[in-house]
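Student: Next come a sequence and a model predicted from it.
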Amino acid sequence: MFLWNSFLLSGISRTCNFNEQYFLTFEISVVMKSNPTRRAFIVDSTKTVLAVTVGLSASESLLASCGSSKKVAASGAAFDTGFTQEPLAYAYNSLDKAIDATTMEIHYTKHAAGYANNLRDAAKAEGVDISKPLEDVLTKISKYSVKMRNNGGGHYNHELFWKSLSPTGGGKPEGKLSAAIESSFNSFDSFKTQFSDAGKNRFGSGWAWLFLDGDKKLRIGSTPNQDNPLMDTSEIKGLPVLGLDVWEHAYYLRYQNKRADYINAWWNVVNWNYIQNRYESLI
């Protein structure tokens, strides 16, 4: 299967003139997927693997992006989102300047783990092939049950959320992402304000998003509950680049009802290295 995908991608590169980074990251992704032991070693032994291997890995998504500038690929990560929870890359207490250890542990082991478990139950009941990327389900979520929508979204959102955090995070993005943010929102400070407002003003539970629309322009929006821009049911549609969880369980132990304080502190742990490379693999 991987040999066929590699051959197909080579043909697409000649047709669509994709950046060579796509194919480098695809090959790395193949090696890591086909060798679980090596994958575990690489993930556990380096903090830069996500920055190096962010890229498109699904030939189907690449084909879709060739047809129209109004379409975006369903996934931009080196590894498509699976149906099981991945280990955290840091300790529960390592984000303490923004999120306390108890909240992190409960959030990861209870809330997020629950979404992953319920997602697999729904997939089994509805005949979903869990060897394929979760993105395949989310882009046509209207065909599935509410259980699939809630838990599929919850699992996808959280897997992205964990990777978007780092004990050494904060500051500002650089390179192409920085330029795109300034072009789209006038300045990084203006972007922070608009993104923060999207989270603060989300009524009830939900998420704030920085995402690429069909023209690969950066947009800001929010979704209720565990919805996200990948879903065909979402009011905002595109490829998630950065997501912020504003459910109360993400912050209540430390911040109580002060969501704005949580959001202000969250900027101090944003993993811009990961977000930058995620973005650059998609433009």
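Tutor: Arrived safely, thanks for sending. These figures come from a predicted structure and were not determined experimentally.

Student: what stretches of this protein score poorly on pLDDT?
Tutor: Applying pLDDT under 70 to the chain flags residues 1-79.

Student: Okay, helices next: where are they in it?
Tutor: 2-16, 20-34, 36-45, 49-53, 59-67, 101-106, 113-125, 134-138, 146-163, 175-185, 188-200, 252-255, 259-266, 272-280 (DSSP state H).

Student: and the last one, what other elements does it pack with?
Tutor: Judged by 3 or more CB pairs under 8 Å, 6 or more residues apart in numbering; DSSP states H and E, the packing partners of helix 272-280 are helix 49-53, helix 175-185, strand 239-245. (Glycine included, C-beta is placed from N, CA and C.)

Student: can we see that at 10 Å?
Tutor: helix 20-34, helix 49-53, helix 146-163, helix 175-185, strand 206-212, strand 239-245 (3 or more CB pairs under 10 Å, 6 or more residues apart in numbering; DSSP states H and E).

Student: so who does I99 touch?
Tutor: Contacts for I99 (CB atoms under 10 Å, 6 or more residues apart in numbering) come out as 92-93, 107, 165, 250-251, 253-255, 262, 265-266, 268-269.

Student: Which among those residues count as buried?
Tutor: Taking 16 or more other CB atoms under 10 Å as the criterion, what is buried in the contacts of I99 is Y92, H107, L165, A250, Y251, L253, Y255, Y262, A265, W266, V269.

Student: quick check, nearest of those residues to W209?
Tutor: Relative to W209, the closest of the buried ones among the contacts of I99 is W266; by CB to CB it sits at 13.9 Å.

Student: Could you report the neighbour count for the nearest residue to the closest one once chain neighbours are set aside?
Tutor: Spatial nearest neighbour of W266, excluding adjacent residues (CB to CB, 6 or more residues apart in numbering): A98 at 5.3 Å. Residues within reach of A98, counting by other CB atoms under 10 Å, total 23.

Student: Likewise for the one 4 residues further on?
Tutor: The tally of other residues near T102 (other CB under 10 Å) stands at 12.

Student: cool, and S187?
Tutor: By other CB under 10 Å, 10 other residues sit near S187.

Student: how far away is it from S234?
Tutor: In this view, S187 and S234 are 28 Å apart by CB to CB, to the nearest Å.

Student: One more: W247?
Tutor: Taking CB to CB, one finds W247 at 17 Å from S234.

Student: what's the nearest residue to the residue nearest in space to the middle of the chain if we skip its chain neighbours?
Tutor: Most central in the chain under CA atoms, centre = their mean is L160, positioned 3.4 Å from the mean C-alpha point. Among residues not flanking L160 along the chain, G243 sits closest, at 5.3 Å (CB to CB, 6+ apart).

Student: Which strand residues bridge the one you found?
Tutor: W209 (DSSP bridges).

Student: so who does it touch?
Tutor: 156-161, 163-164, 199, 207-211, 222-223, 228-229.
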